[in-house]
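Enquirer: quick one: sequence plus predicted model below, questions after.
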Amino acid sequence: MLELTVVPAATLTFWTFVGLATIACLFMAWSLGANSNSPPFAPAIGANAVSTLRAAFLIGILAAAGAVTQGGSISETVGAELISGVAITPLAATTGLLVAATFMSFGVYSGYPVPAAFATTGAMVGVGLSLGGEPAFGTYRRIVTFWLLVPPSSGGIAFLTAKLLRRDDIPETVGVPVLAAVVAGILANIRLGVIPHPDRSQGSVAELVSHALGSPTVLGVDLSVVGATVVFAALGFQFIRRKVVASVERGIRSFLLVLGGIVAFSSGGSQVGLATGPLEALYGTELGLPSVVLLVIGASGILAGAWMGAPRLLQATSREYAQLGVRRSIAALVPGFVIAQAAIALGIPISFNNIIISGVIGGGLAAGSAGVSRRKIGVTVLFWVLTLVTSIGIGFGFYRLLSTLLGTS
Amino acid sequence: MDYSPESRPVLVAVANPQHAEQLVRTASDLARLLESHVTIVSVAVKPSSSPFSVYKDETIVERFAQDTQELLDAAIAVAPEDVPIEREIVVGRTIADGVLKAIRRTNARALVIGWHDSRSRTDAILGTNLDQLIENAQCDLYVERIGYEANGVDSILVPVAGGPHVRPATLVAKAIAARNDATVHFLSVVEPDVDVDAARDHLEAGVQLLEDAPDSPFGPDIRVETAVRTGEDVPVTIAELAPDHDVIVFGVTRQGSIQRRLVGSIPQRVIPRIDETVILARSGAVVSPSRLEKFRGFWRRG
């Protein structure tokens, strides 16, 4: 008897959603790569340490690497921890991503500052509530606290960094290497997907050393972690100090370049989850794929976005950083790295531009008059809040509409 | 020349010092006729995704607009001496954004802007910035093709087919003719089976508008000629006649808000076929402030 392969309607619908959701995810990742991941190298371009096209190339590679090795934690939060009681269905994932992507497109089209983190978080909460899930208030509290802390901490770190670099009694041959030491010390402790850890999916270099040495602890402090951090810091200090001693200007430019690379890497790690998070349940539970598959899809989108979209934005902003001067540029980037890494460690979705804006303001204040428009800051904050609130509402309504129209629940 | 700072200026937007002379000259011709002054505008572009967008506009102009200042210096250096010139730097999210802001701030009477015709363009007729200006600039708008500069002007061709844009087209034709002592040729092309009377009406209306326009300080007399031509294909006929003239001024034939039709099908098909100086004229009367524009104005202030 002739056997016919019949594709059941439900399966067809399912695969349609997988396709749609993946396209929406790629679009989201693309716009993140083109916009959010671009600023890190702008100061280096402004200081003539690297060309625009080479910077865009590096941003793409580094941000994609960061996305794959560090993206898991935020992706998980966005995909599974914003709503309790229900799993995100394929339709819900597609709806959430479409809403977030539409917000981003609106931002690009209209010229308003629409932050990706707020749009995605809001859309996923709205969709999840519409699915019948319970709000996860604990997660919201953590996220909102972090968001509220971003401007003062980013601005504060930038302020202190700029002050340190501007002080006449601290020579450049000390100030810049000290910053490099701090950055390197943190680097020893950032968690990467490629480093194994007995309890978590991601481990840090310091933890790896500690594990190898059998985790000796004194008074609850892991000595080998401290040791590894100090060694990293010392190496960072020495590396940049040698360059600064040879030539202050070239040394600072090298630091700016290294810092830009690290920030680009961190921004990839902190941004990819905004594109891939909504698909966590779809890829992990429904398709049974390891989470790295999803991160690679997100990373490809970020890579493409950075290569295609970043040069334009880099050219526009690098001149401003050049006018700002290398010291304040460094001051704006250091908090970007620190806060992005803290967010990744805590699994909190963040808007990268938000951090950099605060950093630029903080660095400006250190120079005396910031020349910052209160009105523009007010409108920017208003847009952040509006994005969050309306994306919840639209996510909720749009999912209800689609699920009614398609007869699914 | 009479000039009060309150008078509504003719704006000219410059983005490249190499093109400044051509555009500033056209703007000066208009200002002379309108007894106004020229304001050279340059835009410091600040995308919303740039962290520097939180600075005050004055701070951006003062600290972060060095190249723009140099550009304006270069543009002013090539301006004619008998027309008062002012300069202005505006901060905008895009070039179009900044220029629209300058139009509002100065209550401009007209805007002159240049465009490069890259013939491979497919996504937008003249480029997104120009399309936005054609759609939203609330003053008469003149778009001049860059690089095809007339070397002495004896004859200006103004194809007419009625509509609101004949007035600004006639005005700029008169302004250029006055400076160069040139002749303005109104042309109406009709398809073979169409009534010629309507064409004659269009020509008469054009001549009337030219007479109504302010007189030039160089003297009131402008030589005018009119002609009706019959042709199967209107753009081809205009393109065939174009080489007899030095400057071609089109009124845009805007139909609806569909982007492809912003410039109008006739200019769009004629321009690639000819090498003369081309100016597209669009009347400010057809533009009303859109809601989105008003809303954007709110964001840009401050």
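Expert: Structure received.
Enquirer: mind listing the strands for chain B?
Expert: Taking DSSP state E as the test, the strands found in chain B are B:10-13, B:38-45, B:85-92, B:110-115, B:140-145, B:155-159, B:183-190, B:223-230, B:247-251, B:277-282.
Enquirer: can I get these in JSON lines including distance to chain A?
Expert: (C-beta placed from N, C-alpha, C; glycine too.) JSON lines is the format used below for those (distance: least, C-beta to the nearest C-beta, whole Å):
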{"stretch": "strand B:10-13", "distance to chain A": "18"}
{"stretch": "strand B:38-45", "distance to chain A": "6"}
{"stretch": "strand B:85-92", "distance to chain A": "9"}
{"stretch": "strand B:110-115", "distance to chain A": "20"}
{"stretch": "strand B:140-145", "distance to chain A": "21"}
{"stretch": "strand B:155-159", "distance to chain A": "35"}
{"stretch": "strand B:183-190", "distance to chain A": "39"}
{"stretch": "strand B:223-230", "distance to chain A": "43"}
{"stretch": "strand B:247-251", "distance to chain A": "29"}
{"stretch": "strand B:277-282", "distance to chain A": "23"}
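Enquirer: can I get these in JSON lines including distance to A:Ser247?
Expert: Output for these, formatted as JSON lines (distance: least, C-beta to C-beta, whole Å):
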{"stretch": "strand B:10-13", "distance to A:Ser247": "42"}
{"stretch": "strand B:38-45", "distance to A:Ser247": "33"}
{"stretch": "strand B:85-92", "distance to A:Ser247": "36"}
{"stretch": "strand B:110-115", "distance to A:Ser247": "44"}
{"stretch": "strand B:140-145", "distance to A:Ser247": "49"}
{"stretch": "strand B:155-159", "distance to A:Ser247": "61"}
{"stretch": "strand B:183-190", "distance to A:Ser247": "65"}
{"stretch": "strand B:223-230", "distance to A:Ser247": "70"}
{"stretch": "strand B:247-251", "distance to A:Ser247": "57"}
{"stretch": "strand B:277-282", "distance to A:Ser247": "53"}
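Enquirer: so who does A:Val248 touch?
Expert: The contact partners of A:Val248, by C-beta atoms under 8 Å, 6 or more residues apart in numbering or on different chains, come to A:172-173.
Enquirer: what's around the closest residue to A:Leu53 other than its chain neighbours, how many residues?
Expert: Setting aside the residues directly before and after it, A:Leu53 is nearest to A:Pro311 in space (C-beta to C-beta, 6 or more residues apart in numbering or on different chains), at 6.2 Å. Neighbour count of A:Pro311, defined by other C-beta atoms under 10 Å in any protein chain shown: 20.
Enquirer: touching, A:Pro311 and A:Arg54? I think so.
Expert: No - applying C-beta atoms under 8 Å as the test, A:Pro311 and A:Arg54 come out as separate, 10.1 Å apart.
Enquirer: next up, the contacts around A:Ser291.
Expert: Taking C-beta under 8 Å, 6+ apart as the contact definition, A:Ser291 lies against A:72, A:75-76, A:201, A:280, A:283-284.
Enquirer: what does B:Leu141 give?
Expert: Applying C-beta under 8 Å, 6+ apart as the definition, the contact partners of B:Leu141 turn out to be B:110-111, B:113, B:133-134, B:168, B:281-282, B:284.
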